[in-house]
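Asker: Take this sequence and fold it.
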Amino acid sequence: VAEACRSDPGAVLGRLWQILRRCGAWILAEPWRRPEDAQLAAELRHGLVDLGPSFVKVGQLLSSRVDLLPSAYITELGCLTDRVAA
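Answerer: Numbers count the residues shown, from 1 in each chain. Predicted coordinates for the structure are as follows:
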């Protein structure tokens with residue numbers, strides 16, 4: 001990250017802006033006041049998908065953490081996991 005900041009700070013700032021623009025609306029919606037709001041959970045999932053594979057991986061990780069998120073979020077983020085036949 002430090003190397004990227006030195007070599008192309010504009011690209012780093014652009015990506016940070018992209019992340020804040022996509023997830024900032026979700027954060028400002030105050031999801032902690034409406035923990036079971038399925039629409040907010042869906043917006044978070046769509047935001048993570050839009051931001052790319054690293055963010056999808058974070059969503060997959062969070063989908064298994066029932067101790068951290070309400071059930072609406074666990075259900076919605078569970079859609080990010082692959083369904084592989086055994």
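
Asker: make it CA atoms for all contacts and neighbour counts henceforth
Answerer: Will do.

Asker: The residue positioned nearest the centre of the chain is in what secondary structure piece?
Answerer: The chain has residue 48 as the residue nearest its centroid, 3.6 Å off, counting by CA atoms, centre = their mean. Element membership for residue 48, per DSSP states H and E: helix 38-51.

Asker: In that helix, which residues are buried?
Answerer: Residues of helix 38-51 classed as buried by neighbour count (16 or more other CA atoms under 10 Å): 38, 40-49.

Asker: name the helices or strands packed onto that helix?
Answerer: When contacts are defined as 3 or more CA pairs under 8 Å, 6 or more residues apart in numbering; DSSP states H and E, helix 38-51 sits against helix 9-28, helix 53-63, helix 71-77.

Asker: could the buried residues of helix 38-51 go into JSON lines alongside distance to residue 64 and pLDDT?
Answerer: Formatted as JSON lines, the buried residues of helix 38-51 follow (distance: CA to CA, whole Å; pLDDT from 0 to 100):
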{"residue": "38", "distance to residue 64": "17", "pLDDT": "86"}
{"residue": "40", "distance to residue 64": "18", "pLDDT": "85"}
{"residue": "41", "distance to residue 64": "15", "pLDDT": "88"}
{"residue": "42", "distance to residue 64": "16", "pLDDT": "90"}
{"residue": "43", "distance to residue 64": "18", "pLDDT": "87"}
{"residue": "44", "distance to residue 64": "15", "pLDDT": "89"}
{"residue": "45", "distance to residue 64": "14", "pLDDT": "92"}
{"residue": "46", "distance to residue 64": "18", "pLDDT": "91"}
{"residue": "47", "distance to residue 64": "18", "pLDDT": "90"}
{"residue": "48", "distance to residue 64": "16", "pLDDT": "92"}
{"residue": "49", "distance to residue 64": "17", "pLDDT": "91"}
